[in-house]
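Engineer: have a look at this fold, sequence not included:
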């Protein structure tokens, strides 16, 4: 099973990267975030060129470290894919409920905060930790942008929800240092 | 030296299979589309499905399997690029959700942390 996973993962990673760029291309006309998506293309290209040069410039420290850049590259591709597919997933979910539907946006808010907070509290599986933080923050930016268009009540709900999560996370994270 | 040669041969054959399978798919789709036998996109979808099945079926022969699977990638992405605007949002949600789920499963099962970066046990094990 593990062997099969290793064979199929590169084609799947290429597919998921392609899906990221396809869906981002479709995002070009959504709100004030739309034009920013065009910046992601050069940023992504620079990101992968930097990764490639770092991998090529790495000096092998011994037989065991040979080829160790490949798992790191795989991990970075997974972080990149999950990090960008999470807000895209939240966007489609919100749109599936109806473009300006409050329940859909609240669900997006819960998913965004859930991802970001779970990423903050994870101690193992660093790939998932970084993916969740990156994806959660981007999903929250999208959801808050949608909330901004829905009026004052929605803004109050969003601000209070964000404040509540921030206070709870701060208390849990800083409990040892404050007490 | 022999190992490098083998790897080089694997890559060469993988690339050849990738290129010919892709060419075959587009030629067949063009022919079927031109003769009104089947729609261009539908032909590509069917061929991509066949390539995935073949790639999975011969997974123990790396170059053949990866050649077909990467071809299927290109075909699927081509179809999605052409039609992503027409697809209903619920199907797009399911597609992205499925890809995310597979990525999470892979990251959870096959990407353990670095040994050097992990936290040492605070209690002696012995």
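Structural biologist: Here it is on my side, so go on. Please read all numbers here as calculations on a predicted model, not as lab measurements.
Engineer: CA only for contacts and neighbour counts going forward, please
Structural biologist: OK.
Engineer: who in chain A is up against chain B?
Structural biologist: Within chain A, the positions near chain B by CA under 8 Å from any CA of the partner chain are A:2, A:4-5, A:7-8, A:11-12, A:14-16, A:18-19, A:22-23, A:26, A:75, A:78, A:82, A:85-86, A:88-89, A:92-93, A:95-96, A:124-128.
Engineer: can you say which of the residues you listed are buried?
Structural biologist: Buried members of those, counted by 16 or more other CA atoms under 10 Å in any protein chain shown: A:7-8, A:11-12, A:14-16, A:18-19, A:22-23, A:75, A:78, A:82, A:85-86, A:88-89, A:92-93, A:95-96, A:125-128.
Engineer: and the helix or strand containing residue A:70, what does it pack onto?
Structural biologist: Using DSSP states H and E, residue A:70 sits in helix A:69-97. Judged by 3 or more CA pairs under 8 Å, 6 or more residues apart in numbering or on different chains; DSSP states H and E, the packing partners of helix A:69-97 are helix A:2-26, helix A:102-121, helix A:126-148, helix B:89-110.
Engineer: try it again with 10 Å
Structural biologist: Helix A:69-97 sits against helix A:2-26, helix A:34-57, helix A:102-121, helix A:126-148, helix B:89-110, with contacts defined as 3 or more CA pairs under 10 Å, 6 or more residues apart in numbering or on different chains; DSSP states H and E.
Engineer: quick one: closest of these to residue B:33.
Structural biologist: helix A:2-26 (24.7 Å; CA to CA).
Engineer: quick one: that closest one to helix A:69-97, angle?
Structural biologist: If you take axes from the mean of the first three to the mean of the last three CA atoms, to 10 degrees, helix A:2-26 sits at 50 degrees to helix A:69-97.
Engineer: before we move on, the earlier item: the helix holding residue A:70 to helix A:126-148, inter-axis angle?
Structural biologist: 30 degrees.
Engineer: circling back to that earlier point, out of the helices and strands packed on helix A:69-97, the one nearest residue B:24 is which?
Structural biologist: Using CA to CA as the measure, helix A:2-26 is the one of the helices and strands packed on helix A:69-97 that comes nearest residue B:24, at 19.3 Å.
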